[in-house]
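**Q** Need the 3D shape of this:
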Amino acid sequence: MEDTILRMKSINKMFPGVQALDEVSFEVRRGEVHAILGENGAGKSTLMKILSGAYRRDGGEIELNGQPVEIYNPGHAQSLGIAMIYQEFNLAPHLSVENNIFIGREPRTGLFALVDQRKIHEQSQKLINQLGIELDVTRRINTLNVCQQQITEIAKALSMKSHVMIMDEPTSALSESEVKTLFMVIRHLKKEGIGIIYISHNLGEVFEIADRITILRDGRKIDTRVVGEITPDQAVQKMVGRNIKDMYAKHEVPLGDVVLKVSGLNRGKMLENVSFELRSGEVLGIAGLLGSGRTELIRAVFGADRKDRGTVEVAAYRQEINRIQDAIRGGIGLVPEDRIEEGLFLGMPVRSNISAASIRDVSSHWFLNGKKERALAARYVERLEIKIAGLEQLVLNLSGGNQQKAVLAKWLARSPQILLLDDPTRGIDVGAKQAIYRLIGELAATGVGIVFVSSELPEILGISDRILVMAGGRIKGQLSKAEATQEKIMSLATISDFPCAGESQEHSGRKQIDEIQ
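**A** Numbering: from 1, shown residues only. Predicted coordinates:
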């Protein structure tokens, strides 16, 4: 039997004005984990969408088990033994976990071929148990947090018994212990001869689990190397085409007056007596493990979620923030944790997304002024170096990093005095991360006060002037930049912890703080 299970040879793909893939060749062997690295926009997702049947290639060949194949749609790809776990979920929110796992592939029983719900339940629970997770498979998807939904996606892929499994950022919502469990499952799949394509921006994960890596840049294949023959720093250089120095390029700036004051904030069991102040020009980092209340805090400050008690006051506004409208009038902008669901209008063009919070500024006599809108959007596309084919391109078709820049552009267009950033670098590449760090430094230098939530210790330490550590919905400690270390943060963060698959109701769970980027 041939060792190579999949070959993609000289793959080409064009979008309007963009050569997304240019003669890319790639192969996967039986029982190997082959990681694909590259910045957002490098072509990783496009290559995988061609393999999974979401896109049709413009040129090149695909072979499975040595035989040429045409992949017409996602269902056809599944029938060929190719399973895809997308970074953004592909779940039916009104259905249960178990019915999502077997959707379209339900086992049947009896003379009338009725759906065998008992078998679905038993097999789904077995798959969840295999992942080492406690999760009621009868719960509906729309009652789960992000972490639990990701677990459902992984279980669905495992149920397909595929020859090739594509994992696109599969651990972005998993805790450290669950990542270890997933890696145990991956190693079992390798022993079964399954080829796994692994896409992640977390180089620590890649170098732990992958056997080989292929690096893409600007739609072209740069290199394929066996792990062990290349270092993470060398991989980064190949990904971005330049040396990455001074990643956290934030210079010390004089701090001004208090611009935001939060006092005694409470919300159910997720926030308890949270108080802090933010000064002009300050980057205030907020660290914490899954379920610590970081996202609830950001949303309550912005008025997106109600608070039970406490006050949020903007100094310049001189009025309490209770609603989103209050926050916007007070000069606050929010880059939410989930950019797809809460930060963007996917079916609308880039220009409309950037101008969405500034409609009055681009309107004349109550009518939208297209010229003003395009000028505004073009200005921030240039400033943030957003890679687009044109202002009319749907934001849905942008890479993750460029989507995140579009969310940032929307709020920068309002010249905010306070910017709330909830995990703004999640799921984006190292080059886009550096651009966001640079932007944060530039904004702070102009006097903008920034609250920066992150799941990654290195960037919390690198970008923050001061760090608040949360656990169990409370602030457990405050560290200055000079005294903060990974050990001190983790010590405070682990005073109270909520497991991902438990009943924590954090708005959208994220993986525990990761010490390796």
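
**Q** Doesn't residue 196 lie inside a strand?
**A** Yes: if the criterion is DSSP: H, G, I helix; E, B strand; the rest coil, then residue 196 is within a strand.

**Q** looking at it, it is touching residue 189, isn't it?
**A** Yes: at 6.3 Å, residue 196 counts as touching residue 189 under the criterion of CB atoms under 8 Å. No exception for glycine: its C-beta is placed from N, CA and C like everyone else's.

**Q** quick one, which of those two is more surrounded?
**A** Neighbour tally, residue 196 and residue 189, criterion other CB atoms under 10 Å: the higher count belongs to residue 196, 24 against 19.

**Q** Just read off the phi/psi values of the most centrally placed residue in the chain.
**A** Closest to where the C-alpha atoms of the chain average out (CA atoms, centre = their mean) is residue 427, at 3.6 Å. With angles defined as degrees, to the nearest 10, residue 427 sits at phi 70, psi 20.

**Q** Mutual contacts of residue 196 and residue 189, please.
**A** Common contacts of residue 196 and residue 189 (CB atoms under 8 Å, 6 or more residues apart in numbering): residue 165.

**Q** Give me the sheet partners of the helix or strand where residue 20 lies and which way each runs.
**A** Residue 20 is part of strand 18-29 when elements are defined by DSSP states H and E. Strand 18-29 pairs in its sheet with strand 4-15 (antiparallel), by DSSP bridges.

**Q** Break the chain into its domains for me.
**A** Here the domain assignment for the chain is 4-240, 256-331+416-517, 347-414, based on automatic domain parsing.

**Q** Need those in TSV (columns: mean pLDDT and distance to residue 337).
**A** TSV is the format used below for the domains of the chain (pLDDT from 0 to 100; distance: least, CB to CB, whole Å):
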stretch	mean pLDDT	distance to residue 337
domain 4-240	88	8
domain 256-331+416-517	83	4
domain 347-414	90	11
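
**Q** Which among the ones you listed is found nearest to residue 248?
**A** The closest of those to residue 248 is domain 256-331+416-517. By CB to CB, the value is 3.1 Å.

**Q** Quickly note the distance from the residue of the chain positioned farthest from its centre to residue 117.
**A** Outermost residue of the chain with respect to the C-alpha centroid, by CA atoms, centre = their mean, is residue 111; its distance is 45.7 Å. Going from residue 111 to residue 117 by CB to CB, to the nearest Å gives 17 Å.

**Q** and what of residue 93?
**A** From residue 93 to residue 117 the distance is 19 Å (CB to CB).

**Q** between those two, which one's more packed in?
**A** The neighbour comparison of residue 93 against residue 117 (other CB under 10 Å) goes to residue 117, with 15 against 12.

**Q** And that one, how far from residue 107?
**A** 9 Å.

**Q** And the strands in the stretch 301-450 of the chain, which stretches?
**A** Ranges of strands in the stretch 301-450 of the chain, per DSSP state E, counting those that start in this stretch, are 309-314, 319-320, 332-335, 363-364, 367-368, 418-422, 449-453.

**Q** I'd like those as a markdown table, with mean neighbour count appended.
**A** Below are the strands of the stretch 301-450 of the chain laid out as a markdown table (neighbours: other CB atoms under 10 Å):
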| stretch | mean neighbour count |
| --- | --- |
| strand 309-314 | 18 |
| strand 319-320 | 12 |
| strand 332-335 | 25 |
| strand 363-364 | 12 |
| strand 367-368 | 10 |
| strand 418-422 | 26 |
| strand 449-453 | 26 |
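
**Q** which stretch among the ones you listed comes nearest residue 18?
**A** Nearest to residue 18, of all the strands of the stretch 301-450 of the chain, is strand 332-335, at 25.2 Å by CB to CB.

**Q** any idea how far the closest one is from the chain center?
**A** On the basis of CA atoms, centre = their mean, to the nearest Å, strand 332-335 sits 18 Å off its chain's mean C-alpha point.

**Q** In PDB, could you pull the C-alpha coordinates for it?
**A** What follows is strand 332-335, C-alpha atoms only, in PDB (Å, rounded to 0.1, in the frame of the first residue of the first chain):
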ATOM      1  CA  ILE A 332     -15.700  53.600  23.900                       C
ATOM      2  CA  GLY A 333     -15.000  51.100  21.200                       C
ATOM      3  CA  LEU A 334     -15.200  47.300  21.600                       C
ATOM      4  CA  VAL A 335     -13.400  44.600  19.600                       C
END
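
**Q** Can you name the residues in contact with that strand?
**A** When contacts are defined by CB under 8 Å, 6+ apart, strand 332-335 is touched by residues 260, 298-299, 301-302, 304, 314, 321, 327, 343, 357, 404, 407-408, 410-412, 414, 416-422, 424.

**Q** Kindly report the same for stretch 198-208.
**A** With contacts defined as CB under 8 Å, 6+ apart, stretch 198-208 is touched by 33-37, 44-45, 48, 87, 166-171, 179, 183, 186, 209-210, 213, 227, 232, 235-236, 427-430, 514-517.

**Q** Going through those residues, which ones are buried?
**A** 33-37, 44-45, 48, 87, 166-171, 179, 186, 209-210, 213, 227, 235-236, 427-430, 514, 517 (16 or more other CB atoms under 10 Å).
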